[in-house]
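*Asks:* pasting the structure only:
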Ligand code: ACO
């Protein structure tokens, strides 16, 4: 049987830091409000394109996997903030990395994007259709924010994370996963003034209106991610005590804590870095994976549970055998 093992990983976080104290110099907000409601203390701001962040993360992941650019069959880039509408940001990454003819594809499932991309890549590799797929989550959402809107601009940050998924005989990688969406909740999180539904004559340059109903998203995220995790654990035959480590999407500390509680996971078993980076959307999970590995918190053979939710509303959960 062929598996789709994660053989390399890497991340890229831009160096510029914007703290809650910095935000409160020009917004009616405070470190106390942001920290107590979200867990966020600071975030990174990129001055380069999403594809530039993605390229650096991908270079680290390929080096860790011991692969050259032309060993990669396909680049899947999960992002809701691509450099351009056409072509895809994945195409730019492939060009930056001097790849010759890889398949290139962007996926927009917002904050669940990385799990969607990993699910697709794993399916392709397990089916024997590809050998090495580069899976990236990268965002420069701060580029689109309205910095006069305190309810949204305090939440997000920029960054990228990548993994290489390779065909392997080892029973490792994403062994079970589920994806879904809540079609009733399409309107509770969206960016207006963009795309074919926008009034093209009224569209302001570079600033888009992020509309969301925070408490409703909060409720649906807790329920949706919880149900997805239960479904994956049941299909993989895992009990709570079998889970060694948890890699949650980082949108709100209280949502992460609720997932950890559901899984009976201790503080040491959950990667939390929202305080440093805010919500980097599709990039949160691969960045969290890298930080857990760098800190020696994931060991060979560990059972890892991961889960995310995002605009759509989309959700997903996965069981990764390390
Ligand atoms: N600083 C100070 N006050 C603020 C700020 C701010 N940055 N932002 C909002 N407020 C005020 C509001 O105006 C409101 O004031 P009012 O009661 O006088 O009207 C008050 O704080 C409470 O606002 P709520 O939206 O009810 O705050 P809540 O406790 O629900 O927290 C939050 C908001 C953090 C967004 C929470 O709902 C949440 O985490 N939701 C889930 C995640 C989410 O929605 N993320 C954004 C979308 S992207 C994604 O994560 C997939």
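*Replies:* Ah, there it is. Since we're looking at a predicted model, the values are computed, not measured.
*Asks:* got the contact list for residue 82?
*Replies:* Contact analysis of residue 82 by C-beta atoms under 8 Å, 6 or more residues apart in numbering lists 50-51, 88-89, 106. Backbone N, C-alpha and C define where each C-beta goes, glycine included.
*Asks:* Filter those residues down to the ones in helices?
*Replies:* The helices, defined by DSSP state H, take in 50-51, 89 from the contacts of residue 82.
*Asks:* Kindly indicate the member of those with the most neighbours.
*Replies:* Within those, residue 50 tops the neighbour count with 30 neighbours, counted by other C-beta atoms under 10 Å.
*Asks:* Let me know the pLDDT of it.
*Replies:* On pLDDT, residue 50 comes in at 98.
*Asks:* wait, isn't it in contact with residue 142?
*Replies:* No. Between residue 50 and residue 142 there is no contact under C-beta atoms under 8 Å: 10.7 Å.
*Asks:* Show me the contact partners of the host helix or strand of residue 190.
*Replies:* When elements are defined using DSSP states H and E, residue 190 is found to belong to strand 189-192. With C-beta under 8 Å, 6+ apart as the test, strand 189-192 has contacts from 110, 144, 198, 208-213, 217, 310-313.
*Asks:* Among the residues you listed, which ones lie close to the ligand?
*Replies:* 212, 217, 310 (C-beta under 6 Å from any ligand atom).
*Asks:* Out of those residues, list just those in strands.
*Replies:* 212, 310 (DSSP state E).
*Asks:* Out of the ones next to the ligand among the contacts of strand 189-192, flag the one nearest to residue 136.
*Replies:* residue 310 (16.0 Å; C-beta to C-beta).
*Asks:* List the contacts of that closest one.
*Replies:* Residue 310 neighbours (C-beta under 8 Å, 6+ apart): 80, 109-113, 189, 249, 281-282.
*Asks:* can the residues you listed go into TSV with extra columns for neighbour count and distance to residue 162?
*Replies:* Shown next, in TSV, are the contacts of residue 310 (neighbours: other C-beta atoms under 10 Å; distance: C-beta to C-beta, whole Å):
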residue	neighbour count	distance to residue 162
80	21	17
109	26	17
110	25	18
111	32	17
112	34	17
113	31	13
189	22	25
249	29	17
281	32	15
282	34	11
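*Asks:* From the residues you listed, which shows the smallest pLDDT?
*Replies:* Minimum pLDDT across the contacts of residue 310 falls on residue 189, with 91.
*Asks:* Going along the chain, name the strands of the stretch 51-200 of the chain.
*Replies:* 74-78, 103-107, 132-139, 159-168, 173-181, 189-192 (DSSP state E, counting those that start in this stretch).
*Asks:* Of those, flag the one that's most buried.
*Replies:* strand 132-139 (a mean of 32; mean count of other C-beta atoms under 10 Å).
*Asks:* May I have the strands that pair with it, each with its orientation?
*Replies:* strand 74-78 (parallel), strand 159-168 (antiparallel) (DSSP bridges).
*Asks:* Now do it against strand 103-107, angle only.
*Replies:* Strand 132-139 and strand 103-107 are oriented at 30 degrees to each other (axes from the mean of the first three to the mean of the last three C-alpha atoms, to 10 degrees).
*Asks:* And the closest residue to residue 70 other than its chain neighbours, what's its pLDDT?
*Replies:* Using C-beta to C-beta, 6 or more residues apart in numbering and skipping residues adjacent in sequence, the residue nearest residue 70 is residue 100, 5.6 Å away. Residue 100 carries a pLDDT score of 88 in this model.
*Asks:* before we move on, the earlier item: filter the contacts of strand 189-192 down to the buried ones.
*Replies:* Neighbour counting with 16 or more other C-beta atoms under 10 Å marks 110, 144, 208, 210, 212, 217, 310-313 as buried within the contacts of strand 189-192.
*Asks:* Just the residues you listed: which are in helices?
*Replies:* Short answer: the buried ones among the contacts of strand 189-192 in helices (DSSP H) are residue 217.
*Asks:* Point out the least confident member of the buried ones among the contacts of strand 189-192, please.
*Replies:* Out of these, that is residue 208, at 80.
*Asks:* Could you pull up the residues touching it?
*Replies:* Residue 208 neighbours (C-beta under 8 Å, 6+ apart): 144, 146, 191-194.
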